[in-house]
Every structure is written in C-alpha cells, then in structure tokens.
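>>> task: produce atomic coordinates for the following.
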Amino acid sequence: MADVNEIRALVTQVMEKKKKRLMMKDLYKAVTKIDDSISKRELKKATTTMIQDQTLEYWSSGSTTYFALPGAGPHAEGED
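So this is what the prediction gives:
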C-alpha cells in the first residue's frame, strides 16, 4: 500500500508532464506505468485530498469529468 504523499507526488508529476486535462482512467493508467502497486482506490483517495487542498481541480465538459492542475491545460475559447 503506497503512501498518500507518494501518490500525490506521482499525480503531480504526471499532470505536469502531460500538460492537459485527464480523465480518471487515463490518470490511473499513467500513474500505474510509474508504480504498478497503486490501486485505483488509493488514487481516488489521493486525488480527493488534492481537490480539497486545491493542488488539483475538476473540469467538466458536461458529460465527462477531468482532472487538471489549477490554471493548466488547454482551454477552448469561452471556457472558464
């Protein structure tokens, strides 16, 4: 079982490398390429704490929810 802080560091590393919004399944795939011992449940707990302390944010297209670093990721004209 991985430490929450280690998972948070991996999530930040992946998000900074990708420089775009990611769905949970894509984020999970990228994180497990680095450390395959992380479960989806552990990743969800880590991303929840990151959302709460605003090191990560949700972005929704209306039908799909993505994760992004605050102020990062490509945004189309008119998106907030």
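>>> so the residue sitting nearest the centre point of the chain versus Lys19, what's the distance?
The centroid of the chain falls nearest to Phe67 when counting by CA atoms, centre = their mean (4.7 Å). With distances taken as CB to CB, to the nearest Å, Phe67 is found 13 Å from Lys19. Every residue, glycine included, has its C-beta placed from N, CA and C.
>>> Thr47: what's it in contact with?
11, 24, 27, 56, 67 (CB atoms under 8 Å, 6 or more residues apart in numbering).
>>> what is the nearest of these to Ala46?
When the contacts of Thr47 are compared for distance to Ala46 (CB to CB), Val11 wins out at 6.1 Å.
>>> average pLDDT for stretch 14-30, rounded please.
For stretch 14-30, the mean pLDDT works out to 94.
>>> ok, Lys44 - how many residues close by?
13 (other CB atoms under 10 Å).
>>> in the one helix or strand in the chain whose mean pLDDT sits lowest, what's buried?
Within the chain, no helix or strand scores below strand 57-60, which has a mean of 90 by mean pLDDT, DSSP states H and E. Buried residues in strand 57-60, counted by 16 or more other CB atoms under 10 Å: 57, 59.
>>> which residues does the helix or strand following that strand contact?
The helix or strand immediately downstream of strand 57-60 is strand 65-68, counting by DSSP states H and E. Applying CB under 8 Å, 6+ apart, the contact partners of strand 65-68 are 11, 15, 20-24, 27, 47, 56-60, 73.
>>> so Lys44 sits right up against Met24, yeah?
Yes. Lys44 is within contact range of Met24, at 7.4 Å (criterion: CB atoms under 8 Å).
>>> Arg41 and Gly62, how far apart?
27 Å.
>>> nice, that's everything, thank you.
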